[in-house]
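Student: attaching a predicted model along with its sequence, questions to come.
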Amino acid sequence: MKADKIYLVGFMGAGKSSVARALARRLDWRVEDIDAVIETRERADIPSIFRQHGEPYFRGVERAALIDLLPLRGTVVATGGGTFMDPRNRELMLRDGVVIWLDVPFSVVLDRVPLDGRRPLAADRGALEALYNQRRAAYQLAPVRVDAGRGPVDLLVDQIVDGLET
Ligand code: S3P
């Protein structure tokens, strides 16, 4: 596939941010992280945005951040775990670049995501697991799926780069 923009999607703890950084380094592309763009736009961290304004407001800022990044080419975008859930976001991303789902088993999510409120939607295990199961149907709409549950980031990057035509 010919690509000049890559979106990494997947659940919290899938490794989107670290894979995005390593992939951008390998391709000599730019890297952007939607969560970081949101925090810069709002001059607040994600837990405070959820706390002060609620999730619907957060989703609006998330969508605005995604739209801001649309003109960029030669860019790997690490999305937030919920970015690909909104059908309008999905449509934009699918049209704009190659969308890659980093798929990890729930056990890996539990290992990587502390249930400490730093991620507002990861406060308790039961709710997190329900969300994980519910979101899989949407992530499956990504044209590329990578098994990201095991192995070093560099191997994942090899796998992704091998499938790309840049
Ligand atoms: C969210 C995932 C988080 C962040 C916010 C909401 C979600 O990003 O955008 O806490 O809805 O899954 P990460 O997937 O980078 O943790």
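Tutor: It's in. This structure is a prediction, so every number in the text was calculated from the model and none was measured.
Student: check contacts around the residue of the chain most remote from its centre.
Tutor: The outermost residue of the chain relative to its centre, with distances by CA atoms, centre = their mean, is Gln52 at 23.1 Å. Gln52 sits next to Ala44 when contact means CB atoms under 8 Å, 6 or more residues apart in numbering. Placement of C-beta: from N, CA and C, glycine included.
Student: and the pLDDT at it?
Tutor: Model confidence at Gln52, given as pLDDT, is 97.
Student: anything in stretch 62-80 near the ligand?
Tutor: Yes: using CB under 6 Å from any ligand atom, stretch 62-80 comes into contact with the ligand via Gly80.
Student: what does that stretch rub up against?
Tutor: Stretch 62-80 is contacted by residues 4-9, 16-17, 19-21, 23-24, 27, 29-35, 37-38, 41, 82-83, 86, 88-89, 92-93, 96-97 when judged by CB under 8 Å, 6+ apart.
Student: and these, which are buried?
Tutor: 5-9, 16-17, 19-21, 23-24, 27, 29, 31-35, 37-38, 82-83, 86, 89, 92-93, 96-97 (16 or more other CB atoms under 10 Å).
Student: shaky segments in the chain?
Tutor: Residue ranges of the chain with pLDDT under 70: 1-2, 166.
Student: tell me where it has helices.
Tutor: Applying DSSP state H to the chain gives helices spanning 16-27, 34-42, 46-53, 55-69, 87-96, 106-112, 125-139, 153-162.
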